[in-house]
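Chemist: here's my sequence, what's the structure:
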Amino acid sequence: MDLKSWIGRTETALDTVTPTPIAALAATLDHEPVRPGDGAELPPLWHWLYFLPLHRQSEIGPDGHAKRGGFLPPVPLPRRMWAGSQFRFHAPLRVGDAIERRSTIEDVTQKSGRSGPLVFVRVRHEVRRRDEAALAITEHHDIVYREAPQRGEAAPPAQRAPDDAAWRQAWIPDDVLLFRYSALTFNGHRIHYDRRYVTEAEGYPGLVVHGPLLATLMLESLRAARPGARIAAYEFRALKPTFDTAPFEVCGAPRGERDFEMWVRDAAGGLSMQARATIA
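Modeler: The predicted structure is shown next:
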């Protein structure tokens, strides 16, 4: 099958920014669950609470994702992971806004790595208010598909996390945190909540912490360190999975007047995810 034939495919989703998902995510992140009124700004990345993947139950595959094909190409590799994303925040979305997301497959690339064949899919999302032509958010989403590792296969050595954090916060990724985030984003992927599946079928040591959750925690740490700052650009890259088997730390430090670096440090001091942000 020519996977590159999927390049250029588009889909459009419509939604409305409502207050209850905002309050629910705030509670999940251990903040006061306040339902904001009309006109309140949606924090950056919290647009992930909308445009949820509403696939019928009969369309769900054995891993909890939608069956292959449709908008995303039917890549014949078992593992699908969120490798990273890049964002430009042009204008805020607000509670009460009717919003639209237009998604386009920009590229499909097949490569070979140390673990076997890899397929990278790059998707561009453009988010705007439905009554405006100008974009509110431009997002590039990088997805990687790969073979499942063989039993007993050694993981590559972890890169050490930076040791110059200006701020840090410890998190305990328990089952409830992961379940609540899965529910909020309507993410049925079983690696985040089904311990028997993730350890027996996927061969992981524990439940996998969602990449978007880690990305949100990193950006929230910057917002806490620089209250009132407007985020202009943000990007993150996943380096290795984070599991619920041990606590982790979300760290950050300035890298200039307007630039900041954030990272996730695992319990052994390894680097799980790294990010950069620019404030306006």
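Chemist: buried residues in the biggest helix by length in the chain?
Modeler: As assigned by DSSP state H, the longest helix anywhere in the chain is helix 211-225. Judged by neighbour count using 16 or more other Cβ atoms under 10 Å, the buried positions of helix 211-225 are 211-223. To be clear about C-beta, it is placed using only N, CA and C from the backbone, and glycine gets the same treatment.
Chemist: same check, this time on stretch 264-279
Modeler: 264-266, 270-279.
Chemist: among those, name the ones in strands.
Modeler: Residues of the buried residues of stretch 264-279 located in strands (DSSP state E): Val264, Arg265, Leu271, Ser272, Met273, Gln274, Ala275, Arg276, Ala277, Thr278, Ile279.
Chemist: which of those residues sits closest to His47?
Modeler: Minimum distance to His47 across those is 16.0 Å, recorded for Ala277 (Cβ to Cβ).
Chemist: correct me, but that closest one touches Trp263?
Modeler: No: using Cβ atoms under 8 Å, Ala277 is not in contact with Trp263, being 11.8 Å away.
Chemist: coming back round to it: pull the most distant pair out of the ones in strands among the buried residues of stretch 264-279.
Modeler: Ser272 and Ile279 (23.9 Å).
Chemist: what about the closest residue in space to Lys240 that isn't next to it in sequence, distance to Phe243?
Modeler: Leaving aside its chain neighbours, Lys240 sits nearest to Ser272 (5.5 Å; criterion: Cβ to Cβ, 6 or more residues apart in numbering). Distance, Ser272 to Phe243, using Cβ to Cβ, to the nearest Å: 9 Å.
Chemist: residues in contact with the longest strand anywhere in the chain?
Modeler: If you go by DSSP E, the chain has its longest strand at strand 98-113. Residues from elsewhere that reach strand 98-113 (Cβ atoms under 8 Å, 6 or more residues apart in numbering): 3-4, 6-17, 47, 50-51, 71-73, 93, 117-131, 136, 140, 146.
Chemist: how about 7 Å then?
Modeler: 3-4, 6-17, 50-51, 73, 93, 117-130 (Cβ atoms under 7 Å, 6 or more residues apart in numbering).
Chemist: that strand: partners in the sheet, and parallel or antiparallel?
Modeler: In the sheet, strand 98-113 lines up against strand 10-16 (antiparallel), strand 116-129 (antiparallel) (DSSP bridges).
Chemist: for that strand, which positions count as buried?
Modeler: Here strand 98-113 shows Ile99, Glu100, Arg101, Ser103, Ile105, Val108 as buried, counting by 16+ other Cβ under 10 Å.
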